[in-house]
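A.B. asks: output the structure for:
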Amino acid sequence: MFKNLFRKKEEPADKLLEIKSPMNGRYVKIEDIPDPVFSEKMMGEGFGIEPSDGEVVSPIDGEIMQVFPTNHAVGIKAANGIELLIHIGLETVAMDGRGFTGHVSEGDNVRAGDRLVSFDMDLVTKEADSTISPVIITNSDALQSFDVLETGEVAGGQTVVASAEIS
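C.D. replies: So this is what the prediction gives:
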């Protein structure tokens, strides 16, 4: 009856999440992503990366919630509940997976810097509308704050680009 009375309560997951760049490249303001679905924040708050190579790594520690069949996008959920979508390039779904190689599956646990997807940069440059890759918090309605911390050149899995706090 009293066994739970003196037990230490579990602390909730940290509400503040640092989001690292998922790619080497250059930071792009969300409003400058050349697709209104992203630039007008219809899918949520975030930023873009114009990649300098074809490697995508996890920007956070979390669980892989979704890997699109074409490997052009990956969804990750952090322990604190923030859900991130990494979308490689714009209109890349039309490439039907050509040039994309996935390295994770739904349910996998990843750490920041773990490899998620490799892609053929030349092919994406040639066939996609843009190589700019949105990083979107898909449950932005649950955010208390979102702050961009770093702009300019960024390193995948290393540069902390933004912080997000969940309510």
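A.B. asks: hmm, Val67 and Gly102 touching each other?
C.D. replies: Yes: look at Gly102 against Val67 with CB atoms under 8 Å: they come within range, at 5.6 Å. (Each C-beta comes from the backbone N, C-alpha and C, glycine too.)
A.B. asks: from Ile82, how far out is the closest residue in space to Ser58 that isn't next to it in sequence?
C.D. replies: Nearest residue to Ser58 in three dimensions, chain neighbours excluded: Val110, at 4.3 Å (CB to CB, 6 or more residues apart in numbering). Distance check for Val110 against Ile82: by CB to CB, to the nearest Å, it reads 14 Å.
A.B. asks: between the two, which one's more packed in?
C.D. replies: Applying other CB atoms under 10 Å to Val110 and Ile82 shows that Ile82 carries more neighbours, namely 25 against 20.
A.B. asks: which residues touch that one?
C.D. replies: The neighbourhood of Ile82, defined by CB atoms under 8 Å, 6 or more residues apart in numbering, consists of Leu17, Ile60, Ile137, Asn139, Ala142, Leu143, Ala164, Ile166.
A.B. asks: thinking again about what came up before, quick one: pLDDT of the residue nearest to Ser58?
C.D. replies: Model confidence at Val110, given as pLDDT, is 98.
A.B. asks: so it bridges to which residues?
C.D. replies: Beta-bridge pairing for Val110 (DSSP bridges): Gly62.
A.B. asks: wait, it sits on Ile76?
C.D. replies: Yes: between Val110 and Ile76 there is a contact under CB under 8 Å: 6.8 Å.
A.B. asks: any shared contact partners between those two?
C.D. replies: Common neighbours of Val110 and Ile76, using CB under 8 Å, 6+ apart, are Ser58, Gly62, Glu63, Ile64.
A.B. asks: between those, which has the most around it?
C.D. replies: When neighbours are taken as other CB under 10 Å, the top entry among these is Ser58 (25 neighbours).
A.B. asks: beyond the longest helix belonging to the chain, next helix or strand please.
C.D. replies: Identified as the longest helix of the chain according to DSSP state H is helix 121-127. Of the helices and strands lying after helix 121-127 in sequence (DSSP states H and E), the nearest is strand 133-137.
A.B. asks: pLDDT averaged over that next one - what is it?
C.D. replies: The average of the pLDDT scores along strand 133-137 is 98.
A.B. asks: hmm, who's touching it?
C.D. replies: Under CB under 8 Å, 6+ apart, the answer for strand 133-137 is 19, 21-23, 30, 33, 35, 38, 43-51, 56, 59, 82-90, 143, 146, 161, 164.
A.B. asks: many thanks, we can stop here.
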